[in-house]
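Asker: take a look and give me a structure for this.
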Amino acid sequence: MNTLKYVVFSLCLLPYSTMADILVDPTRPVGYIAPVVQNEAQPAKTNSARQWTLNTTLVSPYQKIAMINGKRLEVGDSINQAAVIAIDHQKVDLQHERDGSTFTIKLHNSFISKINPGSL
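Answerer: Residues are numbered from 1 along each chain as shown. Okay, here's the model as predicted:
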């Protein structure tokens, strides 16, 4: 009889376990798209227009860190054949390793936290 109770109880909980797959993280930034882990057997897709996406920056008197394409980088590190040469609030300067040209990538407006002046 006890076994039957456990089976019935387990079957009652089954719908709740399948609902967990569709939950959305409420702390996720607006417009955030989770990075896709690629299988080594699949060739990496390159899109020259979106080769570098600045996710966030952390600038303090002690360190400067940038998250580009989901990877933690500091000044001097490289990503997609470009070296990080400067990290600032909401932007990062990169230098192509091939031709030495420099360019800036900026944090998308939807990722920038905004303070409501009325709430202070």
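Asker: in a strand, C12, correct?
Answerer: No. Under DSSP: H, G, I helix; E, B strand; the rest coil, C12 falls outside any strand and is assigned helix.
Asker: can you count the residues close to it?
Answerer: The tally of other residues near C12 (other CB atoms under 10 Å) stands at 9. Quick note: C-beta positions are derived from backbone N, CA and C, even for glycine.
Asker: over to P26?
Answerer: The local packing of P26 (other CB under 10 Å) involves 5 other residues.
Asker: could you do G31 as well?
Answerer: Per other CB under 10 Å, the neighbour tally for G31 reads 9.
Asker: chain neighbours aside, what residue packs nearest to S78?
Answerer: E97 (6.7 Å; CB to CB, 6 or more residues apart in numbering).
Asker: what sits against the one you found?
Answerer: S78, Q81, A82, A83 (CB atoms under 8 Å, 6 or more residues apart in numbering).
Asker: among those, who's most crowded?
Answerer: Compared across those, A82 has the highest neighbour count, 22 neighbours, by other CB under 10 Å.
Asker: which residues does that residue bridge with?
Answerer: I79, H96 (DSSP bridges).
Asker: what of the one 4 residues further on?
Answerer: Beta-bridge partners for A86, by DSSP bridges, are D93.
Asker: from R72, how far out is it?
Answerer: Between A86 and R72 the distance is 16 Å, computed by CB to CB, to the nearest Å.
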